[in-house]
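Q: Sequence and predicted structure, then a few things I'm wondering about:
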Amino acid sequence: MKKLIDLSHTIEDGLVTYKGLPAPIICDYLSREASKSHYAEGTSFHIGKIEMVANTGTYLDSPFHRFEDGKDVSELALESVAGLAGIKIQVSSENSAIDRNIFSQHDLSGKAVLVQTNWSHHWNTEQYYEGHPYLTEDAALYLKQQGVVLVGIDSYNIDDTSGGERPVHSTLLRADILIVEHMCNLDLVPDADFSFYAVPVKVRGFGTFPVRAFAEIEQ
């Protein structure tokens, strides 16, 4: 038997994922009551409408997010976002700068590397946006050298946001290593022996899009 573990936050009206970006607006395009005039008696439908930026909820970054010549989310092969061999690395959220030493004792080649900091416990609070754990540029270079295929984190950003540079995004996405941010429930995932999925909608011209990220575990 297989067990699926949901690693995604719920997107709802008014949710602020990234401070400074607008919250999604979720509403009816056609309500059930209004739809009744279009169909036979006793038949109704709901059509919802959502207005949001791509960086909402738990989302995946493709190379186009950082580089104009990079692949957008519509160009990602399913094999790059589904059924990936996963490994989880747990770190203390008190260690805000996560360097290469955290990863050096693990076999990472060809893996989706999920970094558990437990920062997701602050989700939807003011504390979530300040002082978050992040990877250093040195860690990103090491992950690239080790041949990882995706890096996920349950934090506000995989980069330090105190300045304008984003060396981790730049290093990983230039190497076609995908990024998943704002994850949750990583404490429920084993350290190894699981498959990881983070499939975005196939939208041309977008570098980022929300995903229903999850881990699959053999029981």
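A: Perfect, I can see it now. Numbering: from 1, shown residues only.

Q: And the strands in the protein?
A: With DSSP state E as the criterion, the chain has strands at 2-6, 25-30, 47-51, 59-61, 84-90, 97-98, 112-116, 134-135, 150-153, 178-181, 194-197, 208-210, 214-218.

Q: Output those as TSV; include the columns mean pLDDT and distance to Leu76.
A: Where you see a C-beta, it was placed from the backbone N, CA and C, and this is true even at glycine. TSV is the format used below for the strands of the chain (pLDDT from 0 to 100; distance: least, Cβ to Cβ, whole Å):
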stretch	mean pLDDT	distance to Leu76
strand 2-6	97	21
strand 25-30	98	26
strand 47-51	98	22
strand 59-61	98	8
strand 84-90	98	12
strand 97-98	96	25
strand 112-116	98	13
strand 134-135	98	21
strand 150-153	98	10
strand 178-181	99	7
strand 194-197	98	13
strand 208-210	98	10
strand 214-218	97	17
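
Q: Please identify which of those is closest to Asp13.
A: Taking Cβ to Cβ as the criterion, Asp13 comes closest to strand 25-30 out of those, the separation being 4.1 Å.

Q: Send me the closest one as CSV with only the CA atoms.
A: Only the C-alpha atoms of strand 25-30 are listed here, as CSV (Å, rounded to 0.1, in the frame of the first residue of the first chain):
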residue,chain,number,x,y,z
ILE,A,25,-9.2,37.3,-4.7
ILE,A,26,-11.4,34.2,-4.8
CYS,A,27,-15.1,34.7,-5.7
ASP,A,28,-17.9,33.4,-7.9
TYR,A,29,-17.9,34.0,-11.6
LEU,A,30,-21.3,32.2,-11.8
